[in-house]
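Asks: Here is my input; please provide its structure:
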Amino acid sequence: LSMNKFNKVKINYSVSLIFITLLVTGCTHVPRDGDFMEVQRIVNERIPQKIYWYQGGEEDSQVKVALEKLIQKPLTSESAVQIALLNNRRLQSEYEDLGIAQADLVQAGLLSNPVLFASIRFPKGGVGGNNTEFGITKEFLDLLLRPARKRIAEAEFDRAKLRVSNAVLKLAAAVQKSFYQLQGKQQLADIQKVAATAAQTSYELAQRFDEAGNMSELELAQERSAAAELTLELLRTQASLQNSRDELNRLLALTGTDSYWTIKKGLSELPDTDPELELMEEIAIKLRLDLKAAEKEINQLTEALEMTRDYRWVGGATFGVSSERDPDGGRVTGPNFSVEIPIFDQKQADIARMESLLEQSKSRCQGLRISIHNDVRSVIHRLQAARNLSEYYRDEYLPAKEQVVKFTQQEQNYMLVDAFELLFARQQEIQAYRSYIDALTEYWTARADLAEVIGLGLSETSVFSMKKEKYNSGETNSHGKDMNTNSTHNNTQPH
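Replies: Residues are numbered from 1 along each chain as shown. Model prediction:
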């Protein structure tokens, strides 16, 4: 009798322990922040701008006040990026992926709920007592797989943070590129306005000559055609300028009166030097967040494949405790256990699927690595070509056109040439400046593309000048502050 009492106490203790364990495991809090501080750290290592996640806190209003102050000033490429990172709603929706991944991580650490069952059987004819039975069971495999599930979910959470951080960098690069295009078109529109005005002046002068009988109808028509053509070019540039402004405004996510912002006029001149190709390739491989995410996916799938292989012979298994009361009043209580026998399904299909997913992930990662090398080379070559073209315009072609205008002006002062030749020389000079602005715009947009393909922000005054050994030693910081440069801001305009 004492032994039966001992067994009952032991069983009751086991049941109580199971309930307490399940209760404690179930009381898990799901954080709302999604480890956003880690994303901030990753981003701040690569660009100087700050990011913020609006979650209804007291700091939301302070951030919006700071945003309004930025909008009221003429935008630079750096401030435009900052506005987009604080105001773009699509980026805010990306942050919610952190909360989803963190919820998945918490879910992976939770045990599945136990199953409670009960039954009552009535005697036939109403003679005798009822038969009752109840019990509680729990998935056994769920306990075994919990550590592996958590590791896989943690890897997915890390990948989510990398994906979100990469989305921030892509938006920053897109804003920077759009800003340079707008800045270039605005400068181009200013120059074309001068050209159109000069052509109109030439046409008006030709009309006076025609009225005096000193110009043929053909020459007058040619002057009119030239003035009309330059005016059309100005109108096309102004339309393109408005489209570029709308595109930048879309990235900044500004509406209403906030969309009446202005930008700093004039593209910056070329910096002294450009980044080295080999160094940029090495930095891209080390810093590209999408490549890091792809590598983590390989580790994640490897873990999942190993888990599937390790537990392929262990199918559905449950354990628990049940108690049954016989019609005569006797009661029996004890553990129960059930297990799936892997005769037909031995996880062959699951293993084959995981193997294919793993190989697919490896190929995708390798393809991305090759693509990064090619993208960096392509952008560096574009950057070098735009620099060569811009420098030739600046150092050779523009001075030559300026000299033509200067000497034509001198001859016109002595009545050796007429005013039309001087106006034509000025129009040629203006056309040269337009070509120069096009080349300079291509340089800065290529530089924004370079920032995207290497995964590191490049400001207008930052150029990599350190050696590979310095980078490998870890002396590089994220914002180009270890990069020495001397950049001028001499915005050249036609005289």
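Asks: wait, doesn't residue 435 sit right on residue 392?
Replies: No - using Cβ atoms under 8 Å as the test, residue 435 is too far from residue 392 to be in contact (10.2 Å). All C-beta spots, glycine's among them, are computed from the backbone N, C-alpha and C.
Asks: pLDDT at the closest residue to residue 209 other than its chain neighbours, what is it?
Replies: Among residues not flanking residue 209 along the chain, residue 215 sits closest, at 4.1 Å (Cβ to Cβ, 6 or more residues apart in numbering). pLDDT recorded at residue 215 is 78.
Asks: for residue 195, same thing?
Replies: So, for residue 195, pLDDT stands at 84.
Asks: Next: residue 128.
Replies: pLDDT, residue 128: 73.
Asks: what's the answer for residue 6, then?
Replies: With respect to pLDDT, residue 6 has a value of 46.
Asks: tally of neighbours for residue 262?
Replies: 11 (other Cβ atoms under 10 Å).
Asks: contacting residues for residue 401?
Replies: Taking Cβ atoms under 8 Å, 6 or more residues apart in numbering, we find residue 401 in contact with 425, 428, 429, 432.
Asks: and the residue nearest to residue 355 when sequence neighbours are not counted, what helix or strand is that in?
Replies: Nearest non-adjacent residue to residue 355, counting by Cβ to Cβ, 6+ apart: residue 305, 6.5 Å away. According to DSSP states H and E, residue 305 maps onto helix 289-310.
Asks: next one: residue 173
Replies: Element membership of residue 173 [criterion: DSSP H and E] is helix 140-211.
Asks: got the angle between that helix and helix 289-310?
Replies: Comparing the axes of helix 140-211 and helix 289-310 via axes from the mean of the first three to the mean of the last three Cα atoms, to 10 degrees yields an angle of 160 degrees.
Asks: before we move on, back to that, among the contacts of residue 401, which ones are in strands?
Replies: Among the contacts of residue 401, DSSP state E puts none in strands.
Asks: Give me the PyMOL select line for those, limited to the buried ones.
Replies: Buried residues among those (16 or more other Cβ atoms under 10 Å), as a PyMOL selection:
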select buried, resi 425+429+432
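Asks: All the helices of the stretch 251-400 of the chain, residue numbers only.
Replies: Here the stretch 251-400 of the chain has its helices, by DSSP state H, counting those that start in this stretch, at 277-287, 289-310, 348-392, 398-413.
Asks: isn't residue 92 right up against residue 54?
Replies: Yes - using Cβ under 8 Å, residue 92 is in contact with residue 54, at 6.1 Å.
Asks: one step back: quick one: the residue nearest to residue 209 and residue 452, what's the gap?
Replies: As judged by Cβ to Cβ, to the nearest Å, residue 215 and residue 452 stand 55 Å apart.
Asks: Those two - which one has more neighbours?
Replies: Looking at residue 215 and residue 452 with other Cβ under 10 Å, you find the greater number of neighbours at residue 452, namely 23 against 18.
Asks: Can you tell me which of the contacts of residue 401 lies closest to residue 375?
Replies: When these are ranked by distance to residue 375 (Cβ to Cβ), residue 432 comes first, at 32.4 Å.
Asks: Model confidence for the closest residue in space to that closest one that isn't next to it in sequence, exactly?
Replies: Distances taken as Cβ to Cβ, 6+ apart put residue 401 closest to residue 432, at 4.5 Å, once the chain neighbours are dropped. We note a pLDDT of 90 for residue 401 in this prediction.
Asks: and if you look at residue 222?
Replies: Turning to residue 222, the model gives it a pLDDT of 80.
Asks: what's the answer for residue 231, then?
Replies: What the model reports as pLDDT for residue 231 is 90.
Asks: returning to that earlier point: dump the helices of the stretch 251-400 of the chain to CSV, plus distance to residue 341.
Replies: Shown next, in CSV, are the helices of the stretch 251-400 of the chain (distance: least, Cβ to Cβ, whole Å):
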stretch, distance to residue 341
helix 277-287, 49
helix 289-310, 18
helix 348-392, 16
helix 398-413, 85
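Asks: Report the secondary structure state of residue 138.
Replies: strand (DSSP: H, G, I helix; E, B strand; the rest coil).
Asks: Which strand residues bridge it?
Replies: Beta bridges link residue 138 to residue 319 when assigned by DSSP bridges.
Asks: so how far is residue 316 from it?
Replies: Separation of residue 138 from residue 316 (Cβ to Cβ): 12 Å.
Asks: now residue 275
Replies: The value you get for residue 275 to residue 316, if Cβ to Cβ is used, is 58 Å.
Asks: tell me the mean pLDDT over stretch 282-294?
Replies: Per-residue scores along stretch 282-294 average to 94.
Asks: taking the contacts of residue 401 one by one, which sit in helices?
Replies: 425, 428, 429, 432 (DSSP state H).
Asks: quick one: contacts for the second one?
Replies: Spelled out, it's residue 428. Neighbouring residues of residue 428 by Cβ under 8 Å, 6+ apart: 401, 404.
Asks: got a pLDDT number for it?
Replies: We have a pLDDT of 85 for residue 428.
Asks: Who are the contact partners of the residue nearest the centre of the chain?
Replies: Among the residues of the chain, the one closest to the centroid is residue 167, at 1.8 Å (Cα atoms, centre = their mean). For residue 167, the contact set (Cβ under 8 Å, 6+ apart) comprises 91, 94.
Asks: any idea how far it is from residue 97?
Replies: With Cβ to Cβ as the criterion, residue 167 and residue 97 are 9 Å apart.
Asks: Over to residue 330?
Replies: Using Cβ to Cβ, one gets 58 Å for the distance from residue 330 to residue 97.
Asks: More neighbours: which of the two?
Replies: Comparing residue 330 with residue 97 by neighbour count (other Cβ under 10 Å), the higher total belongs to residue 97, at 16 against 9.
Asks: so residue 345 touches residue 315, yeah?
Replies: Yes - Residue 345 is within contact range of residue 315, at 7.5 Å (criterion: Cβ under 8 Å).
Asks: out of these two, which sits in the busier spot?
Replies: Counted by other Cβ under 10 Å, residue 345 and residue 315 do not tie: residue 315 has more neighbours, with 15 against 11.
Asks: can you tell me which residues contact that one?
Replies: Residues near residue 315 by Cβ under 8 Å, 6+ apart: 141, 339, 340, 341, 342, 345.
Asks: Among the residues you listed, which ones are in strands?
Replies: Using DSSP E, the subset of the contacts of residue 315 located in strands is residue 339.
Asks: mind saving the C-alpha coords of stretch 218-238 as PDB?
Replies: Output in PDB follows, covering the C-alpha atoms of stretch 218-238 (Å, rounded to 0.1, in the frame of the first residue of the first chain):
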ATOM      1  CA  LEU A 218      17.500  82.700 -96.300                       C
ATOM      2  CA  GLU A 219      20.000  84.100 -93.700                       C
ATOM      3  CA  LEU A 220      17.100  85.500 -91.700                       C
ATOM      4  CA  ALA A 221      15.300  82.100 -91.800                       C
ATOM      5  CA  GLN A 222      18.500  80.300 -90.700                       C
ATOM      6  CA  GLU A 223      18.800  82.700 -87.700                       C
ATOM      7  CA  ARG A 224      15.100  82.100 -86.900                       C
ATOM      8  CA  SER A 225      15.500  78.300 -87.100                       C
ATOM      9  CA  ALA A 226      18.600  78.300 -84.900                       C
ATOM     10  CA  ALA A 227      16.800  80.400 -82.200                       C
ATOM     11  CA  ALA A 228      13.700  78.100 -82.400                       C
ATOM     12  CA  GLU A 229      15.900  74.900 -82.100                       C
ATOM     13  CA  LEU A 230      17.700  76.200 -79.000                       C
ATOM     14  CA  THR A 231      14.400  77.200 -77.400                       C
ATOM     15  CA  LEU A 232      13.000  73.700 -78.000                       C
ATOM     16  CA  GLU A 233      16.100  72.200 -76.400                       C
ATOM     17  CA  LEU A 234      15.500  74.400 -73.400                       C
ATOM     18  CA  LEU A 235      11.900  73.300 -73.100                       C
ATOM     19  CA  ARG A 236      12.900  69.600 -73.400                       C
ATOM     20  CA  THR A 237      15.600  70.100 -70.700                       C
ATOM     21  CA  GLN A 238      13.100  71.900 -68.400                       C
END
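Asks: Brilliant, that's me finished.
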